[in-house]
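Trainee: Pasted the sequence and its predicted model underneath.
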Amino acid sequence: MSFLRRMRSRETASRQRPAAALLLSGLAILSACSVSDVMRPNVDVGQTTAAVPARGLQALVPSNPFLAGYPRLNAPMSQPDLMPAGERDCRRQLKRLGVKFRDVARIRDSASCGIDWPVEVTGFSGNVGLKPAATLSCQMALAFASWTKDELAPAARWRYFSGVKTIHQGSSYSCRSIAGSRTISEHAKGNALDVMRIELKNGNDIDVRKPGWFAFRQRGLLNNVRSDACGYFSTVLGPGYNADHKDHFHFDIKERRNGYRACK
């Protein structure tokens, strides 16, 4: 081999030695680590990390050790309303009077129409039915139940020697104004009930419309209904008052100044 060829061979070998050494070193390092160690470095799961300042929604949600995460935004966040003491006492009185009723869901049809704690009444003491069932405020139900037991039932027994079987009503809760005005009706608060007729247990059916001249017993009973009811309701309107009340008695517990009562 010529002198020139020997020199070129030595230069090539010298260049290959560092590359080979580097390759062998890299292989040695890789042999000391598993594939999983390279792709997923070890983590110290017991390490305590520094607190991170709350941001956004986290700042609005108080820390709670019993919660695993943040509350769902679509979950109900408020507690159910608790029935006021006056409403609970009213229901105890209804039960003592033997009223058949059940609590129904809060009604809110508009800013002016609704009942916070309504009851649905189907009957009274003495096995007196109410048809159809009436949705009322508890206070109105209590006033009507007291009047039925203390005034209407005794008047029926005195006039007709019979108990009351069913009171037929035409309107209880209803979102409306008083006819011919913009004033909200007491019906819109559940504080009113309209009575159309009174069915007795002996078969007599007392229509509230103004009786004929010779219907003395019926006239006497209806006069008792109108006069005695004024001690239980703040408003009693019936046939003879105006055309809108020609076929029913309207009872309500509207609050007025100085305790004024409208019995007409």
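Mentor: Great, that's in hand.
Trainee: Could you list the low-pLDDT ranges of the stretch 151-264 of the chain?
Mentor: Scanning the stretch 151-264 of the chain for pLDDT under 70 picks out the ranges 210-214.
Trainee: What residue, apart from its backbone neighbours, is nearest residue 124 spatially?
Mentor: Leaving aside its sequence neighbours, residue 124 sits nearest to residue 148 (CB to CB, 6 or more residues apart in numbering; 4.8 Å). Bear in mind the C-beta positions are built from the backbone N, C-alpha and C, glycine included.
Trainee: wouldn't that neighbour be in contact with residue 169 here?
Mentor: No. Contact criterion CB atoms under 8 Å: residue 148 and residue 169 do not qualify, at 11.5 Å.
Trainee: Can you report how many residues lie near the closest residue to residue 221 other than its chain neighbours?
Mentor: Counting by CB to CB, 6+ apart, residue 221 lies nearest to residue 159, which is 4.7 Å off, once chain neighbours are set aside. By the measure other CB atoms under 10 Å, the count of residues near residue 159 is 19.
Trainee: elements contacting the host helix or strand of residue 159?
Mentor: Residue 159 is part of helix 153-160, with elements assigned from DSSP states H and E. When contacts are defined as 3 or more CB pairs under 8 Å, 6 or more residues apart in numbering; DSSP states H and E, helix 153-160 packs onto strand 192-200, helix 216-229.
Trainee: any idea which of the ones you listed is most buried?
Mentor: Counting by mean count of other CB atoms under 10 Å, strand 192-200 has the highest mean neighbour count of these, with a mean of 21.
Trainee: Partner strands of the following helix or strand past it, with direction?
Mentor: Going down the chain from strand 192-200, the next helix or strand is strand 205-207, by DSSP H and E. Using DSSP bridges, the strands paired with strand 205-207 are strand 192-200 (antiparallel).
Trainee: The strand it pairs with to helix 153-160, inter-axis angle?
Mentor: 40 degrees (axes from the mean of the first three to the mean of the last three CA atoms, to 10 degrees).
Trainee: Restricting to C-alpha, output strand 192-200 in CSV.
Mentor: Output in CSV follows, covering the C-alpha atoms of strand 192-200 (Å, rounded to 0.1, in the frame of the first residue of the first chain):
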residue,chain,number,x,y,z
ALA,A,192,-112.7,33.6,48.3
LEU,A,193,-115.3,30.9,47.6
ASP,A,194,-118.6,31.1,45.6
VAL,A,195,-121.5,28.8,46.7
MET,A,196,-124.0,27.9,44.0
ARG,A,197,-126.3,25.5,45.8
ILE,A,198,-126.6,23.5,49.0
GLU,A,199,-127.7,19.8,48.9
LEU,A,200,-129.4,18.4,52.0
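Trainee: what does that strand contact?
Mentor: With contact meaning CB atoms under 8 Å, 6 or more residues apart in numbering, strand 192-200 is reached by 134, 136, 140, 144, 152, 156, 160, 162-172, 185-186, 205-208, 221, 235, 247-254.
Trainee: what's the angle from it to helix 216-229?
Mentor: Going by the same axes, to 10 degrees, strand 192-200 makes 150 degrees with helix 216-229.
Trainee: Check which helix or strand residue 92 maps to.
Mentor: Applying DSSP H and E, one finds residue 92 within helix 85-96.
Trainee: I'm done for today, thanks for sticking with me.
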